[in-house]
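Colleague: next come a sequence and a model predicted from it.
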Amino acid sequence: MLPALSLSGILHLKVVEGSFTIASFSDFIAGLLEVMNPYPGPNSVIVMDECHIHKADLIIEMIEDR
């Protein structure tokens, strides 16, 4: 289970069997981006740790293109 949290609560949630992969994480990010706002509005910043799937080119491109 992977939740995206904000000060208001859970913005988006995805549950997978097993571990997240770049493909399943990109699906999560796509859903999350649908409920986020442009910067500097509320819910406009994504904070991730150094997990290797967080740094995949596809993920970075999805977020930056938004």
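Modeller: Sure thing, it's come through.

Colleague: okay, how far is it across stretch 7-22, tip to tip?
Modeller: Terminal residues of stretch 7-22 lie 26 Å apart, using Cα to Cα, to the nearest Å.

Colleague: same question, stretch 5-25
Modeller: Stretch 5-25 has its terminal residues 15 Å apart, counting by Cα to Cα.

Colleague: so which bits of it are buried?
Modeller: Buried positions in stretch 5-25, judged by neighbour count with 16 or more other Cβ atoms under 10 Å: His12, Lys14, Phe20, Ser24, Phe25. C-beta: built from backbone N, CA, C; applies to glycine.

Colleague: want to try TSV for the residues you listed, with secondary structure and distance to Gly31 as columns?
Modeller: Shown next, in TSV, are the buried residues of stretch 5-25 (DSSP: H, G, I helix; E, B strand; the rest coil; distance: Cβ to Cβ, whole Å):
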residue	secondary structure	distance to Gly31
His12	strand	5
Lys14	strand	7
Phe20	coil	13
Ser24	helix	11
Phe25	helix	11
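
Colleague: closest one to Ile46 out of the residues you listed, please.
Modeller: Of all these, Ile46 sits closest to His12, with 10.7 Å by Cβ to Cβ.

Colleague: quick one: contacts for the closest one?
Modeller: His12 is in contact with Pro3, Ala4, Phe28, Gly31, Leu32, Glu34, Val35, counting by Cβ atoms under 8 Å, 6 or more residues apart in numbering.

Colleague: can you check Ser26 too?
Modeller: Residues counted as contacts of Ser26 (Cβ under 8 Å, 6+ apart) are Ala56, Leu58, Ile59, Met62.

Colleague: do Ser24 as well
Modeller: Counting by Cβ under 8 Å, 6+ apart, Ser24 touches Lys14, Val16.

Colleague: and if you look at Ile22?
Modeller: Counting by Cβ under 8 Å, 6+ apart, Ile22 touches Ile53, Ala56, Leu58, Ile59.

Colleague: among the residues you listed, which lie within strands?
Modeller: Per DSSP state E, strands hold no members of the contacts of Ile22.

Colleague: save those as TSV, and put in neighbour count, pLDDT and distance to Ile46 too.
Modeller: Formatted as TSV, the contacts of Ile22 follow (neighbours: other Cβ atoms under 10 Å; pLDDT from 0 to 100; distance: Cβ to Cβ, whole Å):
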residue	neighbour count	pLDDT	distance to Ile46
Ile53	18	95	14
Ala56	17	97	14
Leu58	13	96	14
Ile59	18	97	10
